[in-house]
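Novice: What follows is a predicted protein model with its sequence.
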Amino acid sequence: METTVRGLTPVLSGQRLALVEPRRADLRKAIPLDLRQRMQGATVTSLGRRAKYGMIDTDRGDTMIFHLGMSGRWRVDPGELLAHDHLVIETDAGRRLALNDPRRFGFLDLVRTDAVAEYPPFAAMGPEPLGPELTARYLALALAGRAAPIKAMLLDQRIVAGLGNIYVCEALHMARIAPSRAAGRISEYRLERLVTAIRAVLESAIAAGGSTLRDFAAPDGELGYFSKQFLVYGREGEACACGGPVKRRTEAGRSTFWCPKCQRT
DNA sequence: ATGGCGTCCTGAAAGC
DNA sequence: TGCTTTCAGGACGCCA
């Protein structure tokens, strides 16, 4: 989402939206009925991100919030519209965007900009992983007494906001912590290592332009290259850098990749 | 309150 | 080749 927002910014920032056209209303959540009326003709003042949500602010005091789910992407200046282009935007400068999301796990919403902090999904959200609030001390307090595996806790947006399955697998590997380790039983020393790993993984991913596998694309249509840097994700059966075998386990429909040799505990 | 699982939806890839 | 099965980056609701 960070690379998506960075890619959208030069296209949208400061631009008046000549056309805002919903083409399908039933995403995971229904598109607001007044989306077109409130967004069309408005000028974009800024773009932002909170966790995996993108935000487009307008001079009318509205913020359009979008989530890409698992298969969403913005197509920039598409030649022609395709199936699953659920929203089309055109700017006065003649640029065109299409929000494409085959699985419709993503959604669009519209809130008043001064009420974004109270937007329900944001209200209970934990700190941004790249912000100053994520520290080993914070994690130690947030995870105290928790018996759930550290991997599940890191995917819980109330603990840390914005981590997904890939980044959690990669960060735990870099920190040499077993995904199944009870979250409340990790020393602050190792949590320090985990915080460092989370930041390093995210910063590398952002620098590489995101982790596109197959159905995410950067806004300019190029694929992200971070996927080539995965050390464990998607590498079941390959050798870890330590020589150990990369394993895979499925829990609740989610795959965990890890190296039992260097992630012992 | 906590932890674990199934579900929403479509398409790509793997398996037979 | 062609049909069937498996799997996917997220988040939420339900259950024990």
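Specialist: Nice, I can see it.

Novice: Which residues of the stretch 101-250 of chain A lie near DNA strand B?
Specialist: Contacts of the stretch 101-250 of chain A with DNA strand B, taken as CB under 7 Å from any atom of the strand, map to A:102-105, A:145-149, A:152, A:214-215. Quick note: C-beta positions are derived from backbone N, CA and C, even for glycine.

Novice: wait, what's in contact with whichever residue of the stretch 151-265 of chain A sits closest to DNA strand B?
Specialist: Ranking the residues of the stretch 151-265 of chain A by distance to DNA strand B (CB to the nearest atom of the strand) places A:A252 first, at 3.7 Å. Contact criterion CB atoms under 8 Å, 6 or more residues apart in numbering gives no residues in contact with A:A252.

Novice: ok, now how distant is it from A:A152?
Specialist: 9 Å (CB to CB, to the nearest Å).

Novice: ok, now A:V160?
Specialist: 12 Å.

Novice: which of these two has more neighbours?
Specialist: A:V160 (26 against 18; other CB atoms under 10 Å).

Novice: does that one sit in a helix or strand, and which one?
Specialist: Counting by DSSP states H and E, no helix or strand carries A:V160.

Novice: How about the one 3 residues further on?
Specialist: Secondary structure from DSSP H and E places A:L163 outside every helix and strand.

Novice: Now the closest residue to it other than its chain neighbours: phi and psi?
Specialist: Residue nearest to A:L163 in three dimensions, not counting chain neighbours: A:L154, with 5.3 Å by CB to CB, 6 or more residues apart in numbering. Taking degrees, to the nearest 10, you get phi -70, psi -20 for the backbone angles of A:L154.

Novice: Walk me through the domains of chain A.
Specialist: A:2-123, A:136-258 (automatic domain parsing).

Novice: Mind checking the pLDDT average for the shortest one?
Specialist: Predicted confidence along domain A:2-123 averages 95 (mean pLDDT).

Novice: Could you do the last one as well?
Specialist: In this model, domain A:136-258 has a mean pLDDT of 89.

Novice: now that domain, how far from the centre of its chain.
Specialist: 13 Å (CA atoms, centre = their mean, to the nearest Å).

Novice: Tell me the spacing between the residue nearest the centre of chain A and A:I31.
Specialist: Nearest to the geometric centre of chain A sits A:K52, at 3.3 Å (CA atoms, centre = their mean). Here A:K52 is placed at a distance of 18 Å from A:I31 (CB to CB).

Novice: quick one: A:T91 and A:R16 touch, right?
Specialist: Yes: A:T91 is within contact range of A:R16, at 6.7 Å (criterion: CB atoms under 8 Å).

Novice: Which one of these two is surrounded by more residues?
Specialist: A:T91 (18 against 14).

Novice: Give the full set of residues in contact with that one.
Specialist: A:11-12, A:15-18.

Novice: Narrow those residues to just the buried residues.
Specialist: Buried subset of the contacts of A:T91 (neighbour count, 16 or more other CB atoms under 10 Å): A:11-12, A:15, A:17.

Novice: okay, now A:T250: neighbour count?
Specialist: 8.

Novice: can you pull out the strands in chain A?
Specialist: Counting by DSSP state E, chain A has strands at residues A:17-22, A:44-50, A:53-58, A:62-67, A:73-76, A:85-91, A:96-100, A:107-112, A:247-251, A:254-258.

Novice: Sweet, I'm off.
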